[in-house]
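In: Give me a 3D structure for the following:
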Amino acid sequence: MRTSHSWSSALRRLRPWIVGWFTFQAVVALTGWLVARRRNEGDESSTSIRRVLTHNGLELRPVNPELSRLRVDLAMAGGEIDLTGLPLPSHGIDLTVRMGMAGLAVRVPADWRVWWRFRGVGGIGTDGSLQRTHDEHAADLRIHAVVVLGGIGVEAG
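Out: As a prediction, the model looks like this:
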């Protein structure tokens, strides 16, 4: 009898924290949905695409050979960007990423040169078969990333 009483009192003490956590998650999800409605731009055939996402997954496969800019804002979400269907860009593609507690996978054709600048807590990594360049202007894909507790993986497709 004593153990059921201690369980119920423990649950009673935890209830405000659990309700608070779920309320926080709901507020972040609702805020992300509202911001996404205002800020999302373009579709997979556009030359400039922007996506804002919370609590969900993103799969993006641009098809326009004139694509010049991608902007992705992720919060507590995951994403995958597949650029393997595009030809070698004449002036390069700028990918701007802002993430908080999120992850992003970027797949590029094997012959592309990639440059990146990463700021924040987390990391960026490649599968080893990628051509990384230190010249921003010679790159086919330029990644500008600001990340808090997240990571970006770039791989050749």
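In: Spell out which residues make up each domain of this structure.
Out: With domains defined by automatic domain parsing, the chain comprises 1-39, 40-156.
In: most neighbours per residue, which of those domains?
Out: Most buried of the domains of the chain, by mean neighbour count (mean count of other CB atoms under 10 Å): domain 40-156, with a mean of 17. Just so you know, the C-beta spots here come from the backbone N, C-alpha and C atoms, and that holds for glycine as well.
In: and the strand ranked longest in the chain, what does it pack onto?
Out: Assignment by DSSP state E gives strand 141-156 as the longest strand of the chain. Helices and strands touching strand 141-156, by 3 or more CB pairs under 8 Å, 6 or more residues apart in numbering; DSSP states H and E, are strand 93-100, strand 103-108, strand 113-126.
In: And the ones you listed: which comes nearest residue 55?
Out: Among these, the nearest to residue 55 by CB to CB is strand 93-100 (11.7 Å).
In: what lines up beside that closest one in the sheet?
Out: Its sheet considered, strand 93-100 pairs with strand 69-75 (parallel), strand 141-156 (parallel) by DSSP bridges.
In: Which SSE is immediately downstream of the first one?
Out: Spelled out, that is strand 69-75. Sequence-wise, the next helix or strand downstream of strand 69-75 (DSSP states H and E) is strand 78-82.
In: Now do that next one: which elements does it pack against?
Out: Using 3+ CB pairs under 8 Å, 6+ apart: strand 78-82 touches strand 57-60, strand 69-75, strand 103-108.
In: Pull the residues that contact the last one.
Out: So the one you mean is strand 103-108. For strand 103-108, contacts defined as CB atoms under 8 Å, 6 or more residues apart in numbering pick out 72, 74, 78-84, 95, 97, 114, 130, 140-141, 143, 150-157.
In: cool, the first one as well?
Out: The contact list for strand 57-60, computed with CB under 8 Å, 6+ apart, reads 44, 49, 51, 70, 72, 74, 77, 78, 79, 80, 81, 82.
In: Good, wrapping up.
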